[in-house]
Structure formats: structure tokens, C-alpha cells
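Asker: Task: produce atomic coordinates for the following.
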Amino acid sequence: MKHTDGQLQLTIDKGQLTVVERVLQMERVCFDEPWLSVNPNSVFVIEDYGYAVGTQNELHRIAVLPEFRGKGLSYSLMRSFLDKCNGEVFLEVASKNAHAVKLYKKCGFKEIARRKDYYKDDDCIVMSMNTASNSSNSSNSST
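Answerer: Below you'll find the model as predicted:
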């Protein structure tokens, strides 16, 4: 990761694509409406099968390419993303997105609010978790 003239430049070896370009390619495959918010505080986890992006305190997007879905890879992406986070982490999810809600609960997120009719035809669930308490719980369970 390099900062040049106030801009963030992230690169990966595979195909010489920047991380942002690779994530945008996956966005177009995974979502009807691609969207990506990147700033100097962005946290990326990118694999051949998908990505997670956000900040140290908020998940903005997670996606697994269609041919890799149903194999538990989204959980691996989430765990890797959360390992880079610090303290309270927030996310928003459509209430009808049952797979995502189940994943977030499995990772330790709890519903803290609901925004009625936030999306065109759905409510938004706001979830949070504390990565500090989650990591201490993980280490306690292995003893």
C-alpha cells in the first residue's frame, strides 16, 4: 500500500490489477448495482473468490463470486476482515437477505436497530459487534 500525493494506491500481484480494479470487477458480477466506497482508511480483504471492504469500524461490502458460493468462504472473508478491525464494528443489511444475516450472527454481530422501509422494498438491519470482546471470547474458548 502506497500513499502518493494524498491518494491511496493499492496493488496486488495477480494480473497486475489494483485491488480497487479487482474489487470493481467482482462488484459487477455479484451485484445488480455496483457500489464501492474507498478512502485512505479503507480495509480490504481480497481473495480469488471474493472480497470484503470497509473501514476498521464498518463493513461496507462483502461478496463471493457466484461459482464459489455455498462453500463457507464468506465466513473466512468476514473473519479475515474482522481481524483487521479495532473495537466496535457496524454494518447494515437488508432484512430479506437471510444468508447475510445468518453469516453476520455467526460472526458475533447483534442487531442494534432496524430502519423501516430503508431500501426500496425492505427494512435495513443495523448490526454491531465488538472485535476486542470477540477475540477475547475466541481465545477463552480454546483454553
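Asker: And this protein, what are its domain boundaries?
Answerer: Using automatic domain parsing, the domain ranges for the chain come out as 1-72, 87-143.
Asker: So for residue 80, which of these sits nearest?
Answerer: Among the domains of the chain, the nearest to residue 80 by C-beta to C-beta is domain 1-72 (4.4 Å). For the C-beta atoms, the positions are set from N, CA and C on the backbone; glycine is no exception.
Asker: can you give me the helices for this protein?
Answerer: Along the chain, counting by DSSP state H, helices occupy 19-30, 73-83, 98-106, 131-141.
Asker: now the ones you listed in CSV, with distance to residue 125?
Answerer: Putting these into CSV (distance: least, C-beta to C-beta, whole Å) gives the following:
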stretch, distance to residue 125
helix 19-30, 20
helix 73-83, 16
helix 98-106, 7
helix 131-141, 19
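Asker: weakest of these in terms of mean pLDDT?
Answerer: When those are ranked by mean pLDDT, helix 131-141 comes last with a mean of 54.
Asker: surely residue 124 meets residue 95?
Answerer: Yes: Residue 124 is in contact with residue 95 according to C-beta atoms under 8 Å; the separation is 7.1 Å.
Asker: Quick check: neighbours shared by these two?
Answerer: Contact criterion C-beta atoms under 8 Å, 6 or more residues apart in numbering; residues shared by residue 124 and residue 95: residue 114.
Asker: In TSV: the domains of the chain, plus mean neighbour count.
Answerer: Shown next, in TSV, are the domains of the chain (neighbours: other C-beta atoms under 10 Å):
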stretch	mean neighbour count
domain 1-72	14
domain 87-143	14
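Asker: and these as TSV, adding distance to residue 78?
Answerer: Shown next, in TSV, are these (distance: least, C-beta to C-beta, whole Å):
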stretch	distance to residue 78
domain 1-72	6
domain 87-143	5
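Asker: of all those, which lies closest to residue 81?
Answerer: Nearest to residue 81, of all the domains of the chain, is domain 1-72, at 3.9 Å by C-beta to C-beta.
Asker: still on that earlier bit, looking at the helices of the chain, which is closest to residue 51?
Answerer: Residue 51 lies closest to helix 19-30 among the helices of the chain, at 5.1 Å (C-beta to C-beta).
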